[in-house]
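Enquirer: next come a sequence and a model predicted from it.
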Amino acid sequence: MAQDGPQSQTIAVIGGGIAGVTAALEAAETGYDVILIEKEPALGGRVSRLNRYFPKFCHPTCGLEINYQRIKKNPRVKVLTMHEVTAVDGEKGAYTITAKKLPRFVNEKCTACGECARVCETEIDDPYNYGLNKVKAARLPHEHAFPMRYVIDAAVKGSGDEAKIAEACKYGAVDFSEEEEEVTLNAGAIIWATGWRPYDANRLETYHYADSPDIINNVEMERLANHDGPTEGKVVRPSDGEPAKKVALIQCAGSRDVNHLPYCSMICCLASLKHAAYVLEQYEDAEVHMYYIDIRAHDKMQTFYERIKVDPRIKFIKSKPAEIHAGADGRPYVKGERTIDRELYEESYDLVVLATGMEPAARDISTGGDVVKDEDGFVLAIESGDGGQISCGVASGPFDVALSTQSGTAAALKAIQAVGAR
Amino acid sequence: MTAAIPESSRTYDLSFARWVRENVKGGDKMNLCMQCGVCAGSCPIGGEMDNGPRKTFMMVRAGMKDEVLSSTTLWNCTSCYRCYVRCPRGIPVTSIIQGLAAVAAKEGYADKEKVANYYFSRAFWWSARTFGKTDERLVTMKYFFSFGLAEGIKRSLANLKIALGMIKAGRMHVGMPHTIRNKSQLKAIVAKAAELEQKG
Ligand SMILES: Cc1cc2nc3c(=O)[nH]c(=O)nc-3n(C[C@H](O)[C@H](O)[C@H](O)COP(=O)(O)OP(=O)(O)OC[C@H]3O[C@@H](n4cnc5c(N)ncnc54)[C@H](O)[C@@H]3O)c2cc1C
Ligand code: SF4
Ligand code: SF4
């Protein structure tokens, strides 16, 4: 190490979504040591919970799997799952990252044989499916999880299941002595890739999300359409399991609203067009109504919009609904003013999908040193301060997957420059 | 409200939007409107309005001065403030509607031939000013008889059953109208308001 150069040349990537995984790999493959820190039990972030990607409708595992292979082959990437970063401090060359290490109760000896799950009787709301179904407390996070290792929820602790599970594992992988602890990590540069969470639909008071199981948000729609989701891929009414043929898609649910998220989330128009395609594909006699202010299909996505638009079973209604509520008949109703002809409408649906926007997860993380967050909580991608902290993916702004990976590569390059030549 | 309103020699008076921006309270925020429709969709009496707030704002932009200032929207607004609270762009919708109504009144757009509920608001205002409260019996009677003696009797008889029902249900009192205490203070307030209005 040079005398007056940075003390650490390790690059820490916070968040193991598509952007963080890309940044980590790009940096590691040029010869730098990388720590990839992820709070969930598996990598992949939000993308691993999507059914398919617009614009080409490919399965997200295709994009992720190839990256996991690259991680497996590269000893320079150290993956830490179940580490939730709570604070960052320091300066270029000498950052301290504080993380909460959450107990997994399963160590690296796990072969993913599934014996623990077989004997486990405790059930929890499935976090992978946004709580739409129950799952065993001892489980694989999901079928394409990386690392391919089970996780046990703390709900088991102290129950009759604890001993049964410990006994069932033939490989000595279950360890209930694990406790939550605080750990500190050091790095010379930091890449923020903490991504997003769906805006809380309960805060949209006039849309009464909690009043009907048939009023859902767009991330739940992704799970409904997915074969390993709560309905095995059938788009049905959560209330009674009947086919959801008449579906309303509500754009800008929270976005472009000074009372909620003031910015355009950029991907939700496209995500809703994709959701229209899920419904149209499943039911011949489907009827989809998309309520919008204006359709925002950025760049080349216009052709995707035009492709979906030609189907006569989808109708576009230029109106931001004023109210959504559960009617006396139990069905969700959408109410407002059609702005083209000023007709007031009130119409009922099998399923109403709120296109909730993306809220930056970095909002909650306390940052020190030289990083700059804008008023909405996005970590600014410009080189702030001494350039030791960089951001990419949705941590830096509302991006789709293609832009997230591009920005991940760009962030890796900046991080390399920050820690200096080897 | 200081400047004189532009002359409306044309159907589309393109200086109207600028005038509203500069002279109506909240008018400077009107250009933030993205025509989403939440305001009109939220209005509890939106069905009773010809244009509603969203369309009104578009008409202001288009310079449709006459249509805007003679629309029922300005008079049917109950000031419930739902549109104001919900507007995703934070536009003071209610204030702008009220401001436009004030302009309309001043410019003679609110004359009795032009506004359907002119007589009603006059009766309402008379009761409020006289008793400090609205007495629904007197407001209704005064309103009905504004249309002439014969029309007044006809309308009163048609509503007799409702009135008796309301009395029976304890929803309408019999006897002298209720008044507020200290009516002289109310008078002073009204006088002051008139004085401020004069000053503009
Ligand atoms: C309904 C919906 C459908 C979409 N469909 C598509 C589509 O079809 N095509 C497309 O291109 N885009 C789509 N998108 C956008 C896409 O989801 C994002 O572009 C993508 O998720 C961005 O990846 P990311 O890595 O930046 O963030 P994320 O996927 O959010 O990953 C961030 C990671 O950081 C972790 N993390 C967060 N905070 C911490 C912390 N404190 N400590 C440690 N780790 C942390 C998270 O657990 C997560 O794993 C869709 C979005 C929505 C809302
Ligand atoms: S992408 Fe579409 S739905 Fe999402 S905030 Fe922008 S305009 Fe609204
Ligand atoms: S709610 Fe606000 S932005 Fe939407 S149409 Fe009404 S005034 Fe315009």
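Expert: Sure thing, it's come through. Ligands and ions are numbered 1, 2, ... in the order given.
Enquirer: pop out the phi and psi values for the residue sitting furthest away from the middle of chain B.
Expert: Here chain B reaches farthest from its C-alpha mean at residue B:168, the gap being 31.8 Å by Cα atoms, centre = their mean. As for residue B:168, its main-chain torsions (degrees, to the nearest 10) stand at phi -60, psi -40.
Enquirer: ok, it to residue B:162 distance?
Expert: Here the criterion is Cβ to Cβ, to the nearest Å. By it, residue B:168 lies 11 Å from residue B:162. Where C-beta positions appear, they are placed from N, C-alpha and C, glycine not excepted.
Enquirer: going by contacts, tell me the helices and strands next to the longest helix along chain A.
Expert: Longest among the helix segments of chain A by residue count, using DSSP state H, is helix A:401-419. In terms of contacts (3 or more Cβ pairs under 8 Å, 6 or more residues apart in numbering or on different chains; DSSP states H and E), helix A:401-419 is packed against strand A:11-14, helix A:18-28, strand A:189-192, strand A:389-391.
Enquirer: where does the prediction get shaky in the chain?
Expert: You didn't say which chain, so I picked chain A. For chain A, the stretches flagged by pLDDT under 70 are A:1-6, A:368-370, A:381-384.
Enquirer: actually it's chain B I care about, not the one you picked
Expert: Applying pLDDT under 70 to chain B picks out residues B:1-11, B:112-116, B:200.
Enquirer: try 80
Expert: Filtered on pLDDT under 80, chain B yields the residue ranges B:1-12, B:110-118, B:197, B:199-200.
Enquirer: what residues does it have near ligand 3?
Expert: Residues of chain B lying close to ligand 3 (Cβ under 6 Å from any ligand atom) are B:33-39, B:53-54, B:57, B:87-89, B:91, B:93.
Enquirer: helices - which of those residues land there?
Expert: B:38, B:39, B:53, B:54, B:57, B:93.
Enquirer: of the residues you listed, which are in range of chain A?
Expert: B:38, B:39, B:54 (Cβ under 8 Å from any Cβ of the partner chain).
Enquirer: can you put those residues in a markdown table and add neighbour count and distance to residue A:60?
Expert: Shown next, in a markdown table, are those (neighbours: other Cβ atoms under 10 Å in any protein chain shown; distance: Cβ to Cβ, whole Å):
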| residue | neighbour count | distance to residue A:60 |
| --- | --- | --- |
| B:38 | 29 | 34 |
| B:39 | 30 | 39 |
| B:54 | 26 | 39 |
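Enquirer: end-to-end on stretch A:99-116?
Expert: 28 Å (Cα to Cα, to the nearest Å).
Enquirer: which residues are contacting it?
Expert: By Cβ atoms under 8 Å, 6 or more residues apart in numbering or on different chains, the residues outside stretch A:99-116 that reach it are A:37, A:39, A:41, A:80-86, A:138, A:140, A:148-152, A:154, A:156, A:165, A:168-176, A:178-185.
Enquirer: quick one, which of those residues are buried?
Expert: Buried by 16 or more other Cβ atoms under 10 Å in any protein chain shown: A:37, A:39, A:41, A:80-85, A:138, A:140, A:149-152, A:156, A:165, A:168-169, A:173-174, A:176, A:178, A:185, out of these.
Enquirer: tell me which of these fall in strands.
Expert: In this view, those that belong to strands under DSSP state E are A:37, A:80, A:83, A:84, A:85, A:138, A:151, A:152, A:185.
Enquirer: sorry, back to before: so is the longest helix of chain A next to ligand 2?
Expert: No. Contact of helix A:401-419 with ligand 2 is not found when judged by Cβ under 6 Å from any ligand atom; the minimum separation is 13.3 Å.
Enquirer: does that helix reach ligand 1?
Expert: Yes. Using Cβ under 6 Å from any ligand atom, helix A:401-419 comes into contact with ligand 1 via A:401, A:402, A:404.
Enquirer: who wins on neighbours among those residues?
Expert: Most neighbours among the residues of helix A:401-419 next to ligand 1, by other Cβ atoms under 10 Å in any protein chain shown: residue A:404, with 28 neighbours.
Enquirer: give me the secondary structure label for whatever residue of the stretch 301-422 of chain A ends up closest to ligand 3.
Expert: The minimum distance from the stretch 301-422 of chain A to ligand 3, using Cβ to the nearest ligand atom, falls at residue A:320 (6.7 Å). Secondary structure, DSSP: H, G, I helix; E, B strand; the rest coil: residue A:320 is coil.
Enquirer: and the one 4 residues further on, by the same measure?
Expert: Local secondary structure at residue A:324 is given as strand here, using three-state DSSP.
Enquirer: check contacts around the closest residue to it other than its chain neighbours.
Expert: Using Cβ to Cβ, 6 or more residues apart in numbering or on different chains and skipping the chain neighbours, the partner closest in space to residue A:324 is residue A:207 (4.5 Å). Residue A:207 makes contact with A:201, A:215, A:250, A:253, A:321, A:323, A:324, A:354, according to Cβ under 8 Å, 6+ apart.
Enquirer: could you rerun that using 7 Å?
Expert: Listed by Cβ atoms under 7 Å, 6 or more residues apart in numbering or on different chains, the contact set of residue A:207 reads A:201, A:215, A:253, A:324, A:354.
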